[in-house]
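**Q** Sequence first, then the predicted structure, then my questions.
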Amino acid sequence: MNLRGSDLISPVMKAALSADLTALLGDAQVTPTTVVVSTTTGRAVNDAAGTVTITSDDDTVSVLRCEVTLDEVQASAGGLQLGDIRYHIQATSLSSTPSLSSVIVDGSDRRRVVVVSIDPLGLLYTLTARRTP
């Protein structure tokens, strides 16, 4: 049997690991940052009015962040750029699944998500984002 993702462990074990992760992040010698992760959830087109209404989930979350290194940029073959920021976010703190249409508001910066990944157990998202004008 090939198990993947959340099937690797029971829901009880996943909840326990998530609680442990929260405690570890709280004990880390780094200061978490608070950002807003905005993920598009739908679009409504009104042809008569000529408008498009976009709906989104906006989650204010605590994250650990770091800049992408020069070595990572060089190894990415053009996928990453200097100045990209990597955000580590507990999956349980987001109300919807982040995607490449997600935007992170970090202080006065707006950053477009360019890479989304999640660990095999589904506990921690890593979002890599690039500043937008």
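**A** Sure thing, it's come through.
**Q** Next secondary structure after the longest strand anywhere in the chain?
**A** The longest strand of the chain (DSSP state E) is strand 51-67. Downstream of strand 51-67, the first helix or strand assigned by DSSP states H and E is helix 70-75.
**Q** what comes into contact with that next one?
**A** Helix 70-75 has contacts (Cβ atoms under 8 Å, 6 or more residues apart in numbering) with L80, Q81, L82, D84. C-beta coordinates here come from the backbone N, C-alpha and C atoms, glycine included.
**Q** Looking at those, which one is closest to A16?
**A** Nearest to A16 out of the contacts of helix 70-75 is D84 (Cβ to Cβ; 33.1 Å).
**Q** Show the contacting residues for the closest one.
**A** D84 makes contact with E67, V68, V73, V114, T128, A129, R130, according to Cβ under 8 Å, 6+ apart.
**Q** any idea how far S95 is from it?
**A** Separation of D84 from S95 (Cβ to Cβ, to the nearest Å): 25 Å.
**Q** what's the answer for V45, then?
**A** V45 is 24 Å from S95, where distance means Cβ to Cβ.
**Q** Output the longest helix belonging to the protein.
**A** Across the chain, the helix with the greatest residue count (assigned by DSSP state H) is helix 11-27.
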